[in-house]
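Peer 1: no FASTA, just this:
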Ligand code: IMP
């Protein structure tokens, strides 16, 4: 087994001002990690991929980021297709030579849609969205939410759960889910700030719970878990308030895009790597009132209501 080259001792935290990023996109990514309070290091380690007979390094790889808490390397691929192929090869070699190292390649497309989600970056300017495909009809949603309610009812036998919804996307789901849980329960809501590009700072609780959760059986109710960074942050916050138990119920799980491994106890549906709207989920506050869940395409953002009106007629 080849040895890794430790270029730099792991410090656990880099500062944007100190890092010399090769690309603007890397700096943007670092800002986003800072916002979510995910500790990172920029190119902290170089891995030897190929050596000659004398042990001299012929080929090496320095992934862009190391996320300390997650023990995960991230390589951003915001470059040409030829380079993407080249990077795929490096990641494959790294996986073979260092099976204990976790690495994720974040493609330009994924990365832009991640930024677009927060309303920044090129994708936001160029891409316009319109409903493309209905993934889950109102009937399918109703059926699945009923099933989740039955499961939760069973699991919380003898307990009185406190459902904590994360506003605003969760409104429809919360309203329906609680009506399918046949146990005494309470509800509460939180609003947390979302990432806004160039602003500094971390995730902020804009509106906190009104209930004390100590010794309570808390069930976080989420609309969708994407990278997992929001939920990870929230869980750490709530856990510090010493609830009797803390579980998570999410309507949608966009598992393919996960960066932080968060435990999900109840999942409605798994969704593909696409932006979805409806049944409470929005895109720039639009589409929340659709009774179904749909993917949106890269068209017609400027007047997002027009395609919807046609879709529903
Ligand atoms: P995460 O921190 O990346 O897991 O993002 C979670 C939050 O991003 C959710 O609570 C949603 O508000 C939002 N989000 C992620 N993906 C989508 C989507 O496809 N449609 C609408 N909102 C989304």
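Peer 2: All right, it came through fine. Keep in mind the model is a prediction, meaning the values are calculated, not measured. Residues are numbered from 1 along each chain as shown.

Peer 1: going forward, measure contacts and count neighbours with C-alpha atoms only.
Peer 2: Fine.

Peer 1: need the contact list for the closest residue to residue 222 other than its chain neighbours.
Peer 2: With Cα to Cα, 6 or more residues apart in numbering as the criterion, residue 222 has its nearest non-adjacent residue at 4.5 Å, and that residue is residue 250. Residues near residue 250 by Cα atoms under 8 Å, 6 or more residues apart in numbering: 221-225, 264, 266-268.

Peer 1: any residue of stretch 243-250 touching the ligand?
Peer 2: No: contact of stretch 243-250 with the ligand (Cα under 6 Å from any ligand atom) is absent, the minimum separation being 9.3 Å.

Peer 1: so what touches stretch 270-282?
Peer 2: 113, 168-173, 223, 252-257, 283, 287-297.

Peer 1: quick one: low-confidence residue ranges for the chain.
Peer 2: Filtered on pLDDT under 70, the chain yields the residue ranges 1-13, 36-37, 78-80, 108-109, 111-130, 194-202, 298-313.

Peer 1: that one against the ligand: which residues are in contact?
Peer 2: Counting by Cα under 6 Å from any ligand atom, the chain sits next to the ligand at 169, 223-230, 275-277, 281-282.

Peer 1: repeat that with 5 Å
Peer 2: 224-230, 275-276, 281 (Cα under 5 Å from any ligand atom).

Peer 1: Throw the residues you listed into a markdown table and include neighbour count, secondary structure and distance to residue 140, thanks.
Peer 2: Below are those laid out as a markdown table (neighbours: other Cα atoms under 10 Å; DSSP: H, G, I helix; E, B strand; the rest coil; distance: Cα to Cα, whole Å):
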| residue | neighbour count | secondary structure | distance to residue 140 |
| --- | --- | --- | --- |
| 224 | 24 | strand | 17 |
| 225 | 24 | strand | 19 |
| 226 | 21 | coil | 21 |
| 227 | 19 | coil | 25 |
| 228 | 20 | coil | 25 |
| 229 | 21 | helix | 28 |
| 230 | 20 | helix | 27 |
| 275 | 22 | coil | 19 |
| 276 | 25 | strand | 16 |
| 281 | 25 | strand | 16 |
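
Peer 1: tell me the one of the residues you listed nearest residue 146?
Peer 2: residue 224 (17.7 Å; Cα to Cα).

Peer 1: which residue is the nearest non-sequential neighbour of that closest one?
Peer 2: residue 252 (4.5 Å).

Peer 1: pretty sure that neighbour sits against residue 223.
Peer 2: Yes: if you go by Cα atoms under 8 Å, residue 252 and residue 223 touch, sitting 6.1 Å apart.

Peer 1: those two - which one has more neighbours?
Peer 2: Shown here are residue 252 and residue 223; by other Cα atoms under 10 Å, residue 223 has more neighbours (25 against 20).

Peer 1: the more buried one and residue 74, how far apart?
Peer 2: Distance from residue 223 to residue 74, counting by Cα to Cα, to the nearest Å: 26 Å.

Peer 1: re the thing from before, which residues touch the residue nearest to residue 224?
Peer 2: By Cα under 8 Å, 6+ apart, the neighbours of residue 252 are 223-225, 267-271.
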